[in-house]
Every structure is written in structure tokens, then in C-alpha cells.
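Asks: heads up, no residue letters with this:
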């Protein structure tokens, strides 16, 4: 073999593979993060903590002021194991992202970010100290937030600080197996679902007050759109940014729908355990289907997938939607209640 042919073969072997994600995030996988990369990781960790850690409600009691009747009892919120587990997992992710931004004291950065974000979120809550609710008698009752440090608040903050520290300590091991860019893109997608969801929910309520619908059909339809559109858009962006196919984006963003229930973002108006389970399954399937459809649409429009793969993935998404429709039809026969967002992160 000639020397020229050998050089050409080496050039072919040493040619770098195209990045799996967009260049901005691909730099996170090429070595220690740059200054811009460290800032991106810390901002992402702080946003994830502020939008998805449901520790702030633990620090508040709701008090009632208004006419003598009806009377509302004031009590300390009970312990919710599901919320504590959800907060621990989010704090673990926050600590891992924050720990990846520094070389030393990785276990300390995550708790530090949480310790800054949690009081800031409390201040934002105190900015809206009450809301008005009309009573059947025509009077208006005021529900006030009152700051309170109880047992639940202590447990929640201890869990998230420990989770943040553990995530930071495990950060090197985590990102030896999982690309840092993928986790960062997924965390930003989750943040986008929360911000977009709250904005759409407030828009729906504003539109309903401006154009009241006596039968509530417009509000119900707008509420369904507001619950799935953020997941659709976030998954579409993640599919384009991560460049990893439909199901990676659908799985990461679709998991946000499950966490909305786990962390208390979505509550169910029902008093039946079986009804709760059916509504939970319906909510999660709807979120996963919306995320899969968003990722599929983004890849189809960008022409980054072959027609055969798009056809296969489209058929799977249609099957998921059919299962979701069956569950939704069964949930309507129970007539137990509907999932209602609490409009708080």
C-alpha cells in the first residue's frame, strides 16, 4: 500500500463523528465545561429547582378571613410520601447538574443552589398573599398565605438538601454513563413545560373571565390544550436539540407528566382510589402521547428521520393515543372527577 493511500485511510479513521446534539450542548461532552458551560449548568440547576421542587407550599398555611359562615379549619398539611420522593429525585438531578459545573466541593454546590432558590420562591409566594373566592351567599372570602415552619417543611428541606448533596457527589459517576448534554437538554425541556404550562393556564383563566362560558365547555377544551401543548413543544425542541430520535425526547419530556402528579402539581377532584388511579393513567398517557407527537413532528419537518422510521413511529404513537382514548372513555363512565392543575410549580 502506498504512503498516500495509508494517509487517506488514517484520515478516514480519525475523522470525528458528527455531534449527537447541537454544538452549544455538544461542548459539554468534550471535556471539562468552559466558563459559559458552567454558567449554563448552574442556571439550569437553579431553574429546575425553582420550577420543580415542591417544597415551598410546606412553609405556608392557608388562613381564612371573611363572613362568619362557612368556617374553614386551619391545620398543618399532612406528610405526603410521594411528594417527598419526587422532591428527592429532582434534588438529585439539581445536585448532579450543579456538581458538574465545578471541580471541587461537588457535594456542596447543589445544596447551595437549593438554599438560594427556596427562599426566593417563598418571597414570590408572599407577593401573592391572598385571593378572593365568592361564597354562595354572595360575599367574598379571602384566603391568606401565612409563613409557617412545621415538621413537613423541615423534612422537605432536609430531603432536598441531602438529595442535592448526593447528586453532586455522584455527578462524576452519573456523567460517565449518561451524556451531560442530554441531561441538560432534558432539564431545560422540563423547565420549559412548567413555564409554558403556567402561562397557558393563566391565559385560559383570563380568557374565561373575559368571555364566560356558562356550560364550561370552552374552559374544559382550553384546559386540555394547555395541559398537552407545553409537552408537545418541549419534546419537539428536545428532539431537534438532542438529535436522538423520537423516543428519547418522548420518554424524558413525557416523564414530566408523571412528576406533575407525583409532586402535587396536578390534583384530582375525587374521593375514590380506583378513580384516582384511572385519572392518573389517563394524565400520564396523554402527556406521553403529546411529547411523542411533538418529537415526531419536529423530526418529520426537519427531515432528520427516514420515511420508514417516521411511519413506524407514527403508528406506535397512534396506538398510544387509542389506548389513551379508551382509558379516557372509561374514566368518564366513573364520573368521579377531573385532574385540576394547582397552577404552582
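Replies: Cool, got the structure. Not measured: the values here are computed from a predicted model.

Asks: buried residues in stretch 154-169?
Replies: 156-157, 159-169 (16 or more other Cβ atoms under 10 Å). C-betas here are computed from N, CA, C, even on glycine.

Asks: tell me the least confident of those residues?
Replies: Ranked by pLDDT, these bottom out at residue 156, which has 87.

Asks: List the residues that contact it.
Replies: Applying Cβ atoms under 8 Å, 6 or more residues apart in numbering, we find residue 156 in contact with 55, 58, 83, 84, 87.

Asks: Is it inside a helix or a strand, and which specific one?
Replies: Element membership of residue 156 [criterion: DSSP states H and E] is helix 151-169.

Asks: Figure out how far stretch 151-171 is from the centre of its chain.
Replies: Counting by Cα atoms, centre = their mean, to the nearest Å, stretch 151-171 is centred 19 Å from the centre of its parent chain.

Asks: Low-confidence stretches in this protein?
Replies: Within the chain, the segments meeting pLDDT under 70 span 1-21, 62-79, 126-145, 211-218, 264-265, 267-273, 334-345.

Asks: again, only using 50
Replies: 1, 4, 6-18, 69-77, 132, 135-137, 342-345 (pLDDT under 50).

Asks: Please enumerate the strands of it.
Replies: 60-65, 130-134, 140-147, 266-268, 339-341 (DSSP state E).

Asks: which ones are touching residue 184?
Replies: Counted by Cβ under 8 Å, 6+ apart, residue 184 has contacts 25, 28, 40, 41, 44, 97.

Asks: Do a quick rundown of the helices in the stretch 151-300 of the chain.
Replies: 151-169, 171-177, 180-210, 217-242, 246-262, 273-302 (DSSP state H, counting those that start in this stretch).

Asks: Quick one: buried ones out of the contacts of residue 184?
Replies: 25, 28, 40, 41, 44, 97.

Asks: wait, the second one sits on residue 38?
Replies: No. Counting by Cβ atoms under 8 Å, residue 38 is not a contact partner of residue 28; they are 9.9 Å apart.

Asks: Against residue 24, how distant is residue 94?
Replies: Distance of residue 94 to residue 24, computed by Cβ to Cβ, to the nearest Å: 21 Å.

Asks: ditto for residue 187
Replies: 14 Å.

Asks: just residue 285 next, same as before
Replies: In terms of Cβ to Cβ, residue 285 sits 33 Å off from residue 24.

Asks: Between the two, which is the more surrounded one?
Replies: residue 285 (20 against 15; other Cβ atoms under 10 Å).

Asks: ok, the residue nearest to that one when sequence neighbours are not counted - contacts?
Replies: In space, and not counting its chain neighbours, residue 285 is closest to residue 324: 4.1 Å by Cβ to Cβ, 6 or more residues apart in numbering. Residues in contact with residue 324, defined by Cβ under 8 Å, 6+ apart, are 282, 285, 286, 289.

Asks: which of those residues has the most neighbours?
Replies: Most surrounded of the contacts of residue 324: other Cβ under 10 Å gives residue 289, at 25 neighbours.

Asks: Might one say that that one is in contact with residue 319?
Replies: No. Taking contacts as Cβ under 8 Å, residue 289 lies outside contact range of residue 319: 9.8 Å.

Asks: Could you work out the most separated pair of the contacts of residue 324?
Replies: 282 and 289 (10.5 Å; Cβ to Cβ).

Asks: Tell me which of the buried ones among the contacts of residue 184 fall in helices.
Replies: Using DSSP state H, the subset of the buried ones among the contacts of residue 184 located in helices is 25, 40, 41, 44, 97.

Asks: And stretch 101-108, what's buried?
Replies: Quick answer for stretch 101-108 (16+ other Cβ under 10 Å): 101, 102, 106, 107, 108.

Asks: roughly how far apart are the third one and residue 229?
Replies: The reference is to residue 106. Distance from residue 106 to residue 229, by Cβ to Cβ: 37 Å.

Asks: Nothing else from me, thank you.
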